[in-house]
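Peer 1: Take a look and give me a structure for this.
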Amino acid sequence: MSTTTFRSRITARLGRGYLARIQKHGFGSTTMKLLPEQLLMPLRRDGLDPVRRLAETRSAAPVSRVALPFGMDAWVVTGYEESKAVLGSADGFSTDFAHLAGNAGIAAEQSPGGLGFSDPPVHTRLRRILTPEFTMRRLRRLTPRIDAIVAERLDAMAAAPGPVDLVHAFALPVPSLTICELLGVPYEDRADFQKLAMDRFDLFQGATAPFGAMSESLDYFRGVVRDQRRAPGDGLLGMIVREHGDSVDDEELAGLADGVLTGGFETTASTIALGALVLLRNPEVADRLRADDGVTAPFVEEVLRYLSAVQMAFPRFAREDIEIAGVVIPRGDMVLCSLSGANRDPAYVTDDGRFDVDRVTPSGHLAFGYGIHRCIGAELARMELRSAFPALVRRFPAMRLAVPPQALSFRKLSIVYGVESLPARLR
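Peer 2: Below you'll find the model as predicted:
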C-alpha cells in the first residue's frame with residue numbers, strides 16, 4: 001500500500017465513519033468532562049511529577065472505588081504492592097477486550113487484538129510466538145542499526161540552523177525507525193506511524209478516540225501482512241510467517257504488529273523526550289552520563305521509574321470477587337492501576353521528587369508493567385534509551401533549553417505522558 005493511499009484511507013475513515021460513530025454515541029471531549037475527577041486524576045501531571053492528589057489518594061486509600069457514568073464501577077489502584085497484586089494475577093483479573101465492548105460507545109469490532117487485550121490461552125500462544133524475537137540474543141542484531149539511527153539524527157540536528165525541537169528531530173524518529181526495522185515495514189510510512197501511535201493514547205479528544213486510531217492502524221497492518229504472506233521479509237512479520245505459517249492468521253498477525261507499534265514507539269519516544277528534559281534540568285547528571293559509561297544503565301532505570309511515561313496499565317476486570325489490600329473488588333468491576341503512582345510509592349522507594357541516579361533500588365519499577373502482560377519489548381526500549389541519552393549529551397555538551405521552562409506544553413489526559421515540543425539550543 002502506498003503512503004498516499006494510506007493517508008487517503010485515514011482521512012476518509014476519520015472524516016466519515018469514525019466521526020459519525022462518535023456523534024452517534026455522544027462520547028467525545030464534552031462527555032470526558034463528566035467523568036469523575038478521581039478517574040482522570042492519575043492521568044494529570046504537574047510538569048514531570050504526578051499531581052499532589054495522587055500521593056494523597058495513595059496514602060489514604062491505595063485501592064479506591066469510582067462510580068462511572070455509563071453503568072460500570074471502577075477501582076483506581078495507586079500503591080506499589082497493590083498494583084503488583086492486580087497486574088500479577090492473571091487468574092483473578094482479565095484483560096479481554098470483550099469486557100469493554102458495549103460500554104462507553106466502544107464496539108466489539110474496535111478490538112485491537114494482540115497481547116494487551118487477550119487472556120490465556122490465546123495470550124500464551126501469541127506471546128510464545130513473539131518471545132524468541134525479543135530475547136537479547138535476537139535483539140543484539142539491531143544494536144548497530146539503533147546506534148546508526150541515533151547518529152544519523154544527531155548529524156541532522158547538528159546541521160540544522162538555530163534551535164531544534166528534540167521531540168520531532170530526535171525522540172520521535174529514533175523509535176519510529178527502529179520499529180520499522182524490527183517489523184520490516186517501509187520507512188516511508190513512518191510519519192503515518194507516528195500519527196496513529198500518538199492518537200491512540202490521547203484522551204483529550206474523547207474516551208473512544210484511541211480505538212479509532214487503533215482501527216486505522218490495524219487496517220494498515222492488514223495490508224502489510226498480506227504483502228508479507230506473498231514475500232516474507234527479514235523483519236519480525238516475515239519471521240513469523242516463515243516459522244509459523246498458517247498457525248497465525250492474518251488478523252492475529254496484524255494485531256501483533258499493532259501491539260509492537262503501540263508498545264514500542266510512542267512510549268519510547270515520550271521517554272526519550274522527557275529524559276532529555278531531565279538532562280536539561282540537571283546538567284550535573286548530564287556531566288556524569290557524558291563521562292562515565294557505568295552511569296548509563298542506572299540512569300535509564302531511574303528515568304523509567306521517575307517519569308513513568310505510561311501512566312496507567314491496560315484495564316483489568318475482576319473475574320470473581322477478589323480482595324486487594326483488604327478491599328473486596330466485585331466480579332466484573334474494572335480496575336485501573338496507576339503506574340506513575342506505584343513507581344513513586346514510599347513503600348517501594350523513598351522519593352522526595354528528586355531525580356537520583358544513585359538510588360539503591362532502581363530495579364523493580366513497574367514502568368513496563370508486571371506479570372504476564374509485562375511489556376515484551378522492554379529490552380528493546382532499554383537498548384534505544386541506552387544508545388540515545390549518552391550519545392545526545394556527548395555530541396552536544398552545551399545543549400540547553402531554548403525557551404523558558406514554563407513555556408513547555410505537556411499532554412493532557414494522555415495514557416502515555418509526554419511533552420509536545422522541546423526546543424533546545426545545541427551550541
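
Peer 1: tell me the strands in the stretch 151-300 of the chain, going along the chain?
Peer 2: Listed in chain order, the strands of the stretch 151-300 of the chain (DSSP state E, counting those that start in this stretch) span 164-165.

Peer 1: Helices along that one, start to end?
Peer 2: 166, 173-183, 190-199, 209-230, 236-244, 250-261, 267-281, 283-291, 296-307 (DSSP state H, counting those that start in this stretch).

Peer 1: Format those helices as TSV; extra columns: distance to Glu152, mean neighbour count and mean pLDDT.
Peer 2: Just so you know, the C-beta spots here come from the backbone N, C-alpha and C atoms, and that holds for glycine as well. Shown next, in TSV, are the helices of the stretch 151-300 of the chain (distance: least, CB to CB, whole Å; neighbours: other CB atoms under 10 Å; pLDDT from 0 to 100):
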stretch	distance to Glu152	mean neighbour count	mean pLDDT
helix 166	15	28	97
helix 173-183	8	23	87
helix 190-199	13	20	64
helix 209-230	24	20	75
helix 236-244	22	18	88
helix 250-261	21	23	84
helix 267-281	15	23	96
helix 283-291	20	16	96
helix 296-307	20	22	96
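
Peer 1: Of all those, which one comes closest to Ser89?
Peer 2: Nearest of those to Ser89, taken as CB to CB: helix 250-261 at 21.3 Å.

Peer 1: name the helices or strands packed onto that closest one?
Peer 2: When contacts are defined as 3 or more CB pairs under 8 Å, 6 or more residues apart in numbering; DSSP states H and E, helix 250-261 packs onto helix 122-130, helix 173-183, helix 190-199, helix 209-230, helix 236-244.

Peer 1: so how far is the longest one from its chain's centroid?
Peer 2: By that I understand helix 209-230. Averaging C-alpha positions (CA atoms, centre = their mean, to the nearest Å) puts helix 209-230 18 Å from its chain's average.

Peer 1: what helices or strands is that helix leaning on?
Peer 2: helix 3-12, helix 19-25, helix 190-199, helix 236-244, helix 250-261.

Peer 1: Let's see that with 10 Å instead.
Peer 2: Applying 3 or more CB pairs under 10 Å, 6 or more residues apart in numbering; DSSP states H and E, we find helix 209-230 packed against helix 3-12, helix 19-25, helix 173-183, helix 190-199, helix 236-244, helix 250-261.

Peer 1: TSV for the helices and strands packed on helix 250-261, including distance to Asp46?
Peer 2: Converted to TSV, the helices and strands packed on helix 250-261 look like this (distance: least, CB to CB, whole Å):
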stretch	distance to Asp46
helix 122-130	36
helix 173-183	26
helix 190-199	22
helix 209-230	24
helix 236-244	38
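
Peer 1: element containing Cys337?
Peer 2: When elements are assigned from DSSP states H and E, Cys337 belongs to strand 334-337.

Peer 1: just for this protein, where's the confidence low?
Peer 2: For the chain, the stretches flagged by pLDDT under 70 are 1-34, 69-72, 97-114, 116, 187, 190-191, 193-214, 360-363.

Peer 1: Helices along the stretch 301-427 of the chain, start to end?
Peer 2: In the stretch 301-427 of the chain, the helices defined using DSSP H, counting those that start in this stretch lie at 339-342, 378-395.

Peer 1: ok, and what's touching stretch 239-246?
Peer 2: 128-130, 132-133, 138, 184, 225, 228-234, 247-248, 250, 252-253, 256-257 (CB atoms under 10 Å, 6 or more residues apart in numbering).

Peer 1: Alpha carbons of that stretch, in PDB - could you do that?
Peer 2: Presented in PDB, the C-alpha positions along stretch 239-246 are these (Å, rounded to 0.1, in the frame of the first residue of the first chain):
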ATOM      1  CA  MET A 239       9.900 -14.300  10.500                       C
ATOM      2  CA  ILE A 240       6.500 -15.200  12.000                       C
ATOM      3  CA  VAL A 241       5.200 -16.000   8.500                       C
ATOM      4  CA  ARG A 242       8.100 -18.300   7.700                       C
ATOM      5  CA  GLU A 243       8.300 -20.100  11.100                       C
ATOM      6  CA  HIS A 244       4.600 -20.300  12.000                       C
ATOM      7  CA  GLY A 245       2.800 -20.100   8.600                       C
ATOM      8  CA  ASP A 246      -1.000 -20.600   8.800                       C
END
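
Peer 1: Quick test: name the residue nearest the centre of the chain.
Peer 2: When CA atoms, centre = their mean is applied to the chain, the residue found nearest the centroid is Thr267 (3.4 Å).

Peer 1: For the nearest residue to Val327 once chain neighbours are set aside, which residues are in contact?
Peer 2: In space, and not counting its chain neighbours, Val327 is closest to Val63: 4.4 Å by CB to CB, 6 or more residues apart in numbering. Contact partners of Val63, counting by CB under 10 Å, 6+ apart, are 75-79, 82-83, 85-86, 323-329, 335, 337.

Peer 1: swap in His373?
Peer 2: Counting by CB under 10 Å, 6+ apart, His373 has contacts 87-88, 90, 93, 95, 115-119, 123, 127, 313-314, 316.

Peer 1: Out of those, the closest to Leu422 would be?
Peer 2: Nearest member of the contacts of His373 to Leu422, counting by CB to CB, is Ala313, at 26.3 Å.
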